[in-house]
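**Q** All I have is the shape, not the residue letters:
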C-alpha cells in the first residue's frame, strides 16, 4: 500500500479582512522546483502564477530583475489529471478530473481583486485564455466519476471499451491505485465505505464519495462481479470535476517576462484551471469577508454555475459569449424577416403565388380580353 510522506510544514497563514489579499504564505515543491519565488525572472515558462504582495498595491514595483526578499509569486499547481495531453480540449470524451493530495491542496493559490494572475511563455502570446472551471467535491478516496446502474448501485467503468478505462476514474498516484490490480472486468462496484452505503445520498455530482473526514482511513467494499474485495483507503485526496469552460481574451503586457490575465468581473468564487497549466482558487468580492482563508472552506459555494440552461438543455446565459446579457441584438431583429403573415397562403402552389403577386400590383399589364 502506498504511503504518503509528510512533505514539510505549513507556515502561518496570513488572513486579512480589511483590504489585503488572502493568501497562504508557505513554500512547497512542484516538479522539483519551489512553488514560490521572490523574483519574477526565476519563474518557468509555460506556467501560471499568482502575484500576492500584502505590502504592494502595484505589481510593477515587484517586477525588478534584482528583487529579493519574501516570495510574492506562487505557482498554480496542475495536480493529478485524467486529461493529460488534452488540457485545452473542449471535447469531453471522458469526465475530466483533477486530484490533489491533502498535503498539496494548500499549494493552490488564491486570486482576489487585490492580486494578479500571471502567465509566462518564452515562445508565444496566447491568442485566447481558456478558463476551465472545476467543481470542488472536498476530501475523499481517490475514486471519481462513479455512476449508478438501474438499481442505484455505484460503479466505475473499469475496462468496458478499453483496458485502461479505469484511469479516468482512479487517481493512480493515490492509495486507490490498488483497485486497478484486477484482471479485465467491465465494471468495478463500490458498495460501502467505512460501513456507509454508497448511494445517491452519499455520492457527489462528480461521482465521488461524500461525508468522509480528511485523512481518515476507511475499509472500502468493492465488487468484481459478485465477489467482494476489501481495501483500506484514506480520504486524503481533494477531488475536482469539470463544471464549465470559458474562453476570454483580455490580458495586459507588464514590460517584463509575463502577462497579467484579466479576471472577468462575472466570475464567481470557484476553482479555475487556466490555460491548461494550473489551478487557482478565485474568491469573489462578495465572499471575501466570509472566506476562512484556509485551503478548504465548506461554507463558500464554490460550485455555483455561471452558465444557465433551460429545460431543453439550451444555454440561455453565458457572459463569455454575451448570451442572455442584453448586450447582443435580439434574435428576432437578427433573423431574416421573410414574408409578411398576410402574404402567406397555406397550400398555394408556386403558380398561384405568382398570379397572386401580379394581381397585387407587381404586374400592371392589362388582362387579355377573350371576347376581342
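**A** Thanks, I have it. All values reported here derive from a predicted model rather than from experimental measurement. Numbers count the residues shown, from 1 in each chain.

**Q** Show me the shaky parts of this structure.
**A** 1-33, 328-372 (pLDDT under 70).

**Q** Now with 90, please.
**A** The model of the chain has pLDDT under 90 over residues 1-34, 92-93, 182-184, 326-372.

**Q** Now do the helices for it: every range, in order, please.
**A** Secondary structure of the chain (DSSP state H): helices at 331-334, 350-357.

**Q** Would you confirm that residue 142 contacts residue 99?
**A** Yes: at 6.0 Å, residue 142 counts as touching residue 99 under the criterion of Cβ atoms under 8 Å. The C-beta positions use only the backbone N, C-alpha and C, and glycine is treated the same way.

**Q** what do those two both touch?
**A** 171, 173-174, 237, 239 (Cβ atoms under 8 Å, 6 or more residues apart in numbering).

**Q** Give the buried subset of these as a ChimeraX selection command.
**A** Per 16 or more other Cβ atoms under 10 Å, the buried members of the shared contacts of residue 142 and residue 99 correspond to this ChimeraX selection:
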select :171,174,237,239
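
**Q** Now for the residue nearest to residue 121 when sequence neighbours are not counted: which residues touch it?
**A** Nearest residue to residue 121 in three dimensions, chain neighbours excluded: residue 45, at 5.5 Å (Cβ to Cβ, 6 or more residues apart in numbering). Residue 45 sits next to 120-123 when contact means Cβ under 8 Å, 6+ apart.

**Q** out of those, which one sits closest to residue 187?
**A** Checking the contacts of residue 45 against residue 187 with Cβ to Cβ, the nearest one is residue 121 at 42.2 Å.

**Q** tally of neighbours for the closest one?
**A** When neighbours are counted by other Cβ atoms under 10 Å, residue 121 registers 15.

**Q** just residue 304 next, same as before
**A** Neighbour tally, residue 304, other Cβ under 10 Å: 12.

**Q** Please name the residues that touch it.
**A** Residue 304 sits next to 268-270 when contact means Cβ under 8 Å, 6+ apart.

**Q** Looking at those, which one is closest to residue 188?
**A** Once Cβ to Cβ is applied, the member of the contacts of residue 304 that ends up nearest residue 188 is residue 270, at 30.3 Å.

**Q** ok, back up a step: among the contacts of residue 304, who's most crowded?
**A** Most neighbours among the contacts of residue 304, by other Cβ under 10 Å: residue 270, with 25 neighbours.

**Q** got a list of what that one touches?
**A** When the contact criterion is Cβ under 8 Å, 6+ apart, the partners of residue 270 are 133-136, 243, 281-282, 302-304.

**Q** Buried ones only from those, please, as a PyMOL command.
**A** A single PyMOL command selects the buried members of those (16+ other Cβ under 10 Å):
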select buried, resi 133+134+135+136+243+281+282+302+303
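
**Q** ok, back up a step: can you tell me which of the contacts of residue 304 lies nearest to residue 204?
**A** Using Cβ to Cβ, the contacts of residue 304 come closest to residue 204 at residue 270, 15.2 Å.

**Q** Tell me how far the nearest residue to that closest one once chain neighbours are set aside lies from residue 110.
**A** Distance criterion Cβ to Cβ, 6+ apart; nearest residue to residue 270, sequence neighbours excluded, is residue 302 at 4.9 Å. From residue 302 over to residue 110 the distance is 12 Å, taken as Cβ to Cβ, to the nearest Å.

**Q** Point to the residue nearest the middle of the chain.
**A** residue 133 (2.1 Å; Cα atoms, centre = their mean).

**Q** Test my guess that that residue contacts residue 264.
**A** No: contact criterion Cβ under 8 Å: residue 133 and residue 264 do not qualify, at 11.4 Å.

**Q** Now the common contact residues for the two.
**A** Residues touching both residue 133 and residue 264 (Cβ under 8 Å, 6+ apart): residue 246.

**Q** excluding its backbone neighbours, what's nearest residue 237?
**A** Excluding the flanking residues, the one nearest residue 237 by Cβ to Cβ, 6+ apart is residue 142, at 4.4 Å.

**Q** In contact with the one you found, which residues are there?
**A** When contacts are counted by Cβ under 8 Å, 6+ apart, residue 142 touches 99, 170-171, 173-177, 233, 237, 239.

**Q** Tell me which two of these sit farthest apart.
**A** 177 and 239, at 14.8 Å, using Cβ to Cβ across the contacts of residue 142.

**Q** what comes up buried for stretch 107-114?
**A** Within stretch 107-114, the residues scored as buried using 16+ other Cβ under 10 Å are 107-112, 114.

**Q** Stretch 208-217 now?
**A** Buried, per 16+ other Cβ under 10 Å, within stretch 208-217: 208-210, 212, 214.

**Q** how close does the closest residue to residue 169 other than its chain neighbours get to residue 143?
**A** Of all residues beyond its chain neighbours, the one nearest residue 169 is residue 156 (3.9 Å), with distances taken as Cβ to Cβ, 6+ apart. Distance check for residue 156 against residue 143: by Cβ to Cβ, it reads 6 Å.

**Q** which residues are common contacts for the two?
**A** Each of 169-170, 190, 207 lies in contact with both residue 156 and residue 143 under the rule Cβ under 8 Å, 6+ apart.

**Q** JSON lines for these, including neighbour count and distance to residue 183?
**A** Shown next, in JSON lines, are these (neighbours: other Cβ atoms under 10 Å; distance: Cβ to Cβ, whole Å):
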{"residue": "169", "neighbour count": "26", "distance to residue 183": "18"}
{"residue": "170", "neighbour count": "26", "distance to residue 183": "16"}
{"residue": "190", "neighbour count": "22", "distance to residue 183": "18"}
{"residue": "207", "neighbour count": "22", "distance to residue 183": "23"}
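
**Q** Count the residues that sit near residue 95.
**A** By the criterion of other Cβ under 10 Å, residue 95 has 17 neighbours.
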